[in-house]
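[1] Just need the structure, nothing else, for what follows:
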Amino acid sequence: TPCQVRLDKSIAFSLNEITGNAVADEWLLLSDGRTDLLITDCLSLKYDLELCDWAYIIMLEKMSAAILEGRPNEATLLQIYLLVQSGYKVRIAISGNSLFLLVPFDGRIYEYDYITIEGERFYVIGDKKHHGSYQAFGMAFPNEQTPSLRMEKLPKLSESAKEYKSFTSERYPEVSVKVAPNKNLMDFLETYPLCTWDYYAYASLSESAKKELYPILRTKIANKSVVDAANILINFVQTAFEYMTDGEQFGYERPLFGNEIFYYPFSDCEDRSILYSILVHDLLGLDVLLLHFPGHLATAVYFPEEVDGTYLTLDGKKYIVCDPPYLN
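    Next up, the predicted model:
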């Protein structure tokens with residue numbers, strides 16, 4: 001997705017040594033007013049492209065690397081400086097002769113090193129390799145905000161060439177849709193740090209996927225009872241996709257965002273539970289829980305009417321267990 005920013009070329013980016021004093025000197029240089037237009041442009045891109053916090057972190061990483069090609073420490077410092085000036089709570093770390101970005105999040109992520117500072121986890125972002133010991137700078141800034149893993153909206157990235165895929169329910173063959181996954185969005189979602197399942201469900205679907213999927217599904221469940229509509233949706237999720245575990249498909253555990261289920265050739269229990277929770281919430285307006293069993297993820301739905309079936313009670317509400325990958 002093409003992005004442009006304004007950069008004052010008179011700024012001399014130079015870290016001759018990786019020490020606290022050298023970093024402080026460079027920070028003062030960046031703070032002399034010549035980066036103001038750059039900060040403004042970055043925040044405008046965040047707003048225009050509807051970038052979540054993780055997408056903004058990645059955008060600044062790519063931009064800084066493009067500005068300071070072949071100078072990774074200077075690029076990391078520029079990224080950190082821009083995040084601070086954008087209002088984010090981040091820290092700087094040194095390991096050996098390298099600078100690293102430290103980021104806390106509102107939830108736990110996996111596969112990344114972290115440092116605990118005053119009881120809070122700060123994850124080492126940008127490099128998953130363990131580098132041994134880190135020296136962290138604990139300087140805080142006024143009104144800094146912890147980045148969130150939640151995506152209120154999926155980012156508005158350029159559309160790749162459309163390649164439609166068909167998905168049809170076995171029990172209700174009239175429920176058949178064609179979806180064209182955006183490869184650019186898939187590439188971004190692949191960078192997302194491994195986190196807990198609720199964040200995947202919360203992200204919902206992209207607007208383009210909703211336009212392709214929701215009108216057809218709404219037509220097929222129109223004038224149906226809530227229970228019948230939920231059954232139509234669950235059969236679609238159960239039978240329109242090919243099953244395979246993450247270990248078989250990727251070689252490691254990797255939950256899929258709702259959009260990704262229409263892109264990758266296979267999906268497993270947590271992927272289908274995430275998609276079903278999105279469809280039930282968006283199309284039926286019902287509350288949904290994700291249920292974690294040993295080695296398995298399912299859903300439970302709160303119906304406004306009495307429904308028979310296995311259930312659990314939470315906050316006085318009866319949630320009926322609905323298992324998107326389970327058949328017969």
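[2] quick one: the strands in this protein?
    For the chain, the strands defined by DSSP state E occupy 91-95, 98-103, 114-117, 120-125, 135-137, 165-168, 176-179, 242-243, 266-267, 288-293, 296-302, 311-314, 317-322.
[3] of all those strands, which lies closest to I234?
    Counting by C-beta to C-beta, I234 lies closest to strand 317-322 out of the strands of the chain; the figure is 5.7 Å. (Each C-beta comes from the backbone N, C-alpha and C, glycine too.)
[4] What would that closest one look like as PDB? C-alpha coordinates only.
    Taking C-alpha atoms only, strand 317-322 is exported to PDB below (Å, rounded to 0.1, in the frame of the first residue of the first chain):
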ATOM      1  CA  LYS A 317     -27.400 -16.300  31.200                       C
ATOM      2  CA  LYS A 318     -27.700 -19.700  29.700                       C
ATOM      3  CA  TYR A 319     -25.300 -20.300  26.900                       C
ATOM      4  CA  ILE A 320     -26.000 -23.300  24.600                       C
ATOM      5  CA  VAL A 321     -22.800 -25.100  23.400                       C
ATOM      6  CA  CYS A 322     -22.400 -24.900  19.700                       C
END
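[5] quick one: contacts of it?
    230, 234, 276, 287, 289, 291, 298-303, 307, 309-313 (C-beta atoms under 8 Å, 6 or more residues apart in numbering).
[6] again, only using 6 Å
    Strand 317-322 has contacts (C-beta atoms under 6 Å, 6 or more residues apart in numbering) with 234, 289, 299-302, 307, 309-312.
[7] Report the contact partners of the residue nearest to the spatial centre of the chain.
    Among the residues of the chain, the one closest to the centroid is Y192, at 5.0 Å (C-alpha atoms, centre = their mean). Going by C-beta under 6 Å, 6+ apart, Y192 touches no other residue.
[8] same question, K165
    Contacts here follow C-beta under 6 Å, 6+ apart; on that basis K165 touches V179.
[9] Pretty sure P255 sits against Y200.
    Yes - counting by C-beta atoms under 6 Å, P255 touches Y200, with 5.2 Å between them.
[10] Against which helices or strands is the helix or strand bottoming out on mean pLDDT in the chain packed?
    When the helices and strands of the chain are compared on mean pLDDT, DSSP states H and E, strand 135-137 comes out lowest with a mean of 90. Secondary-structure packing of strand 135-137 (3 or more C-beta pairs under 6 Å, 6 or more residues apart in numbering; DSSP states H and E): strand 91-95.
[11] List the pairing partners of the strand it packs on within its sheet, with orientation.
    Applying DSSP bridges to the sheet, strand 91-95 is found paired with strand 98-103 (antiparallel), strand 135-137 (antiparallel).
[12] from the chain's centre, how far out does it sit?
    24 Å (C-alpha atoms, centre = their mean, to the nearest Å).
[13] Give me the residues contacting that strand.
    Here strand 91-95 has contacts from 18, 80, 100, 102, 122, 131, 134-137, using C-beta under 6 Å, 6+ apart.
[14] One more: stretch 6-17?
    22, 26, 34, 37-38, 41, 68, 73-74.
[15] and it, which residues are buried?
    Going by neighbour count (16 or more other C-beta atoms under 10 Å), the buried part of stretch 6-17 is 13, 15.
[16] which residue ranges form the helices in the stretch 201-328 of the chain?
    207-221, 226-239, 246-249, 258-261, 269-279 (DSSP state H, counting those that start in this stretch).
[17] angle of the last one against strand 296-302?
    It stands for helix 269-279. Inter-element angle recorded for helix 269-279 and strand 296-302: 20 degrees (by axes from the mean of the first three to the mean of the last three C-alpha atoms, to 10 degrees).
[18] The residue lying closest to Q4 once chain neighbours are set aside: neighbouring residues, count only.
    Using C-beta to C-beta, 6 or more residues apart in numbering and skipping residues adjacent in sequence, the residue nearest Q4 is D41, 7.4 Å away. By other C-beta atoms under 10 Å, the residues close to D41 number 16.
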